[in-house]
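*Asks:* the amino acid sequence is not available; the structure is as follows:
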């Protein structure tokens, strides 16, 4: 049996272990990858290769970006800023039909600007938004769907863990990736909010308007939201001007976030400990996925499957844009059956060289992949955000949550098309401004 076929069998075995044994994705990839390397080489060679790879990956100073951005998101979460963000946006938009759903999406966008995680955003906003929409008799599909769609912005809006991992893996500037993400984030947020309006147009009784707030109430609700915007603005400005690196920006965001929470007396000792514990748990989960994907990626490299697959796809007599859609389709399918971050890391060795060979800009491709990864977070059967929301809202069935999320899928597809039609103005204009 030749090497590429062994790689194909390795991928099939990995999916079988995921589905039948339900072992977490990181451990599954590590186990199958290590055994595959042993089969292709020897046990001693596999140990040496994996040891070298693990040292190269986890001695990378840039990886510290991930736990620090997660930590500042946990500070904001346990300090209760999610309530303040929701309250502020509710005062401004709650009186429109579907206003509470739009409020949820805007609050998710604001919280995402600090947390960088879709699951953290889903869990946080579910506790605040779902009871409020129930109170005003929002339909469960619109209720759960708006939380699910809004929470996916946690992956889109900087500091995005997916963009950080993509940048570290491909050697691209994280600052450029963050600023290239400005327009895609705005486009996707607007499209998701517009979907709420469309749903309420088709089903007027699904999102009744809440009482209108006075201008005094609206402005009184702004201070807590301003804290988050100031924190986000300072960090992004520092990255934009080149004053700090991405790692230094992450450390500064932790410090500033902690200071703001302490000054506002919002983070007592018990909540501080919980935020640190949750950060350790989530960071270990992410790092295990990175480690497992690295081992599995090394196995695929030994089998030469990525190079053979890239050569085969490149030899097809098809326009570049058709091949690009084929690649994105693979990401969508892969994201539906396994953890999206894990699939990203497994697939990059195969598709990234091909995409750059076709002449596509790596920063632009990173934004496209982020949107596709985001979309996978609400698609069955994995749809991690749907499971989080269903877990938090005990009386809304998982099937209803998935149905609500499916209403928003056209938003992601339209966003991808817009980025393809105008790569410069949607991505490269802002990324090229970064020093």
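*Replies:* It's in. Keep in mind it's a predicted model, so treat the numbers as computed, not measured.
*Asks:* in the helix or strand of the chain with the lowest mean pLDDT, what counts as buried?
*Replies:* One helix or strand of the chain scores below all others by mean pLDDT, DSSP states H and E: helix 305-315, with a mean of 73. The neighbour-count check on helix 305-315 (16 or more other Cβ atoms under 10 Å) flags 305-310, 313 as buried. (Glycine included, C-beta is placed from N, CA and C.)
*Asks:* ditto for stretch 328-348
*Replies:* Within stretch 328-348, judged by 16+ other Cβ under 10 Å, the buried ones are 328, 331-332, 334-336, 338-348.
*Asks:* returning to what we had before: of the buried residues of helix 305-315, just say which sits nearest to residue 226.
*Replies:* Nearest to residue 226 among the buried residues of helix 305-315: residue 306, at 47.4 Å, using Cβ to Cβ.
*Asks:* residue contacts, that closest one?
*Replies:* Contacts for residue 306 (Cβ atoms under 8 Å, 6 or more residues apart in numbering) come out as 300, 349-350, 353.
*Asks:* of the residues you listed, which belong to helices?
*Replies:* 300, 349-350, 353 (DSSP state H).
*Asks:* helix, strand, or coil at the closest residue in space to residue 331 that isn't next to it in sequence?
*Replies:* Computed as Cβ to Cβ, 6 or more residues apart in numbering, the closest residue to residue 331 that is not its neighbour in sequence is residue 372, at 4.6 Å. When classified by DSSP: H, G, I helix; E, B strand; the rest coil, residue 372 comes out as helix.
*Asks:* if we can go back for a sec, what subset of the ones in helices among the contacts of residue 306 is buried?
*Replies:* Buried among the ones in helices among the contacts of residue 306 (16+ other Cβ under 10 Å): 300, 349-350.
*Asks:* which one of those is nearest residue 357?
*Replies:* Using Cβ to Cβ, these come closest to residue 357 at residue 350, 12.2 Å.
*Asks:* which residues does that closest one contact?
*Replies:* 300, 305-306, 309-310.
*Asks:* what would the residues you listed look like in a markdown table with distance to residue 422?
*Replies:* Output for these, formatted as a markdown table (distance: Cβ to Cβ, whole Å):
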| residue | distance to residue 422 |
| --- | --- |
| 300 | 34 |
| 305 | 34 |
| 306 | 30 |
| 309 | 30 |
| 310 | 27 |
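*Asks:* pick the one among those closest to residue 277.
*Replies:* residue 300 (34.9 Å).
*Asks:* which pLDDT value goes with the closest one?
*Replies:* Predicted confidence (pLDDT) for residue 300: 81.
*Asks:* also residue 382?
*Replies:* Confidence for residue 382, expressed as pLDDT, is 69.
*Asks:* again with residue 337
*Replies:* 64.
*Asks:* can you check residue 114 too?
*Replies:* Residue 114 carries a pLDDT value of 67.
*Asks:* please renumber so the chain begins at 548
*Replies:* In the new numbering, first residue 548, that becomes residue 661.
*Asks:* so the residue most central in space within the chain is in which element?
*Replies:* Centroid-nearest residue in the chain: residue 702, 2.1 Å away (criterion: Cα atoms, centre = their mean). Residue 702 belongs to helix 700-703 when assigned by DSSP states H and E.
*Asks:* what's that helix in contact with?
*Replies:* 652, 655-656, 658-659, 662-669, 707-709, 728, 731-732, 735-736, 739, 887, 917-918, 920-921, 924.
*Asks:* how close does residue 713 sit to residue 774?
*Replies:* 29 Å (Cβ to Cβ, to the nearest Å).
*Asks:* quick one: the helices in the stretch 848-982 of the chain?
*Replies:* 852-862, 867-884, 887-904, 909-923, 931-939, 945-953, 956-968, 970, 976-978 (DSSP state H, counting those that start in this stretch).
*Asks:* let me see the mean pLDDT of the shortest one.
*Replies:* To tie it back to what came earlier, the one meant is helix 970. Mean predicted confidence for helix 970 is 92.
*Asks:* ditto for the fourth one
*Replies:* Per-residue confidence for helix 909-923 averages out to 89 on the pLDDT scale.
*Asks:* which helices and strands sit right next to that helix?
*Replies:* helix 700-703, helix 708-717, helix 721-727, helix 729-749, helix 867-884, helix 887-904, helix 956-968 (3 or more Cβ pairs under 8 Å, 6 or more residues apart in numbering; DSSP states H and E).
*Asks:* format the contacts of residue 853 as JSON lines; extra columns: distance to residue 940.
*Replies:* Listed next are these as JSON lines, based on distance: Cβ to Cβ, whole Å:
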{"residue": "847", "distance to residue 940": "39"}
{"residue": "896", "distance to residue 940": "38"}
{"residue": "897", "distance to residue 940": "38"}
{"residue": "900", "distance to residue 940": "43"}
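*Asks:* just the closest of the residues you listed to residue 811, please.
*Replies:* Distances from residue 811 to those, taken by Cβ to Cβ, are shortest for residue 896, at 45.2 Å.
*Asks:* my guess is that closest one meets residue 848, correct?
*Replies:* Yes. Contact criterion Cβ atoms under 8 Å: residue 896 and residue 848 qualify, at 6.4 Å.
*Asks:* show me where pLDDT drops low in the stretch 598-747 of the chain?
*Replies:* 660-664 (pLDDT under 70).
*Asks:* residue 937: what's it in contact with?
*Replies:* By Cβ under 8 Å, 6+ apart, residue 937 lies in contact with 691, 943-945, 948.
*Asks:* just residue 730 next, same as before
*Replies:* Here residue 730 is in contact with 972-974, 976-977 (Cβ under 8 Å, 6+ apart).
*Asks:* state the distance from it to residue 973.
*Replies:* From residue 730 to residue 973 the distance is 5 Å (Cβ to Cβ).
*Asks:* pull out the buried positions in stretch 967-980.
*Replies:* Those would be 967, 970, 973-975, 977-978, for stretch 967-980 by 16+ other Cβ under 10 Å.
*Asks:* many thanks, I have nothing further to ask.
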